[in-house]
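Student: The sequence and its predicted three-dimensional model are supplied below.
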Amino acid sequence: MSRDFKSISVNPLSGNLGAEIAGVDLSGALTNAQFSEIRDAFHRHSVIVFRDQELDPDDHLAFARRWGEINVNRFFTPVEGHPMVAEVRKEPDQTENIGSGWHTDHSYDTAPALGSILVARVVPEFGGDTLFSSMYMAYDMLSPGLQKVLEGLKAWHSSRHVFGPNAGAETSRTGRIGNPDKATQDSLHPMVITHPGSGRKALYVNPEFTTHIDGWSHEESAALLGYLFQHGANPHFTCRLSWAEGTLAMWDNRATWHCALNDYPGQRRLMHRITVEGEPL
Ligand code: SIN
């Protein structure tokens, strides 16, 4: 049973992004009023966090479906029996984790995922936090001159160099990342987008998947993108999430970057992720 709408509280994690939402049981059916409050918080804070949720994969899926269609990730190993839920796994004997570089999920798609919803299943005793950075702040803190230049530019995003056959994926990815033959799509997106939900402008490039600026050489692109990648990772634009089992976080892929810290050697971390379909930007 869902709790009363009035009991929802939204507590910011930092001044720029991230908020914990308390007073909601996501395993029950949300009322329209509750969902609307949660969606408002999502658009205001870009990363929303719910603690102590007891959700099975079907509950996780039901919550994701409130936001839209499911965008099934074609590279991550799915949870057994749940093809729409991706596993983000690191075993004690694995050295690499998934998502350790700053990135935006699915920016290589022509209609990038609106958001990702991660549920913590097994967390290490220490470490394994996720950092998020606000791309609204990244845009706002550029000079008006550079903002204007970027607003006239588009950039290419690709999955080939990360998930494709020549990505040189280390053996520790075996069993976690697959389908290299499906890493065929390159997508062109504006470098500055107007967010369809909040109406705010956000920088839309990321270090993992953005390859070059349209009409520019790779060398020319690297100079400007290198600056933007460093700028976007400014600690002042970030918040940090420490997970516990039962934590659910949803982040806005059009307004944030994230990176999963790989600082828990010899320990297990298992998360379930569902990505929600977006729209062309
Ligand atoms: C991801 O990059 O989607 C995974 C983030 C995490 O494991 O914290």
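Tutor: That came through fine.
Student: mind checking how far the worst-scoring helix or strand of the chain on mean pLDDT is from the chain centre?
Tutor: Least confident helix or strand of the chain, by mean pLDDT, DSSP states H and E, is helix 160-163 with a mean of 84. Computed by C-alpha atoms, centre = their mean, to the nearest Å, the chain-centroid distance of helix 160-163 equals 17 Å.
Student: which of the residues in it are buried?
Tutor: Using 16 or more other C-beta atoms under 10 Å as the test for burial, helix 160-163 gives 160, 162-163. C-beta coordinates here come from the backbone N, C-alpha and C atoms, glycine included.
Student: where exactly do the strands run in the stretch 1-150 of the chain?
Tutor: 9-12, 19-22, 47-50, 70-71, 78-79, 82-90, 115-122, 130-134 (DSSP state E, counting those that start in this stretch).
Student: how about those in CSV, adding mean neighbour count and distance to Ala29?
Tutor: As requested, these are arranged in CSV below (neighbours: other C-beta atoms under 10 Å; distance: least, C-beta to C-beta, whole Å):
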stretch, mean neighbour count, distance to Ala29
strand 9-12, 14, 20
strand 19-22, 19, 17
strand 47-50, 24, 15
strand 70-71, 20, 18
strand 78-79, 18, 22
strand 82-90, 20, 19
strand 115-122, 23, 17
strand 130-134, 24, 28
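Student: could you dump these to a markdown table with mean pLDDT and distance to Phe229?
Tutor: What follows is these, written out as a markdown table (pLDDT from 0 to 100; distance: least, C-beta to C-beta, whole Å):
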| stretch | mean pLDDT | distance to Phe229 |
| --- | --- | --- |
| strand 9-12 | 96 | 26 |
| strand 19-22 | 98 | 26 |
| strand 47-50 | 98 | 20 |
| strand 70-71 | 94 | 25 |
| strand 78-79 | 92 | 31 |
| strand 82-90 | 95 | 23 |
| strand 115-122 | 98 | 20 |
| strand 130-134 | 98 | 11 |
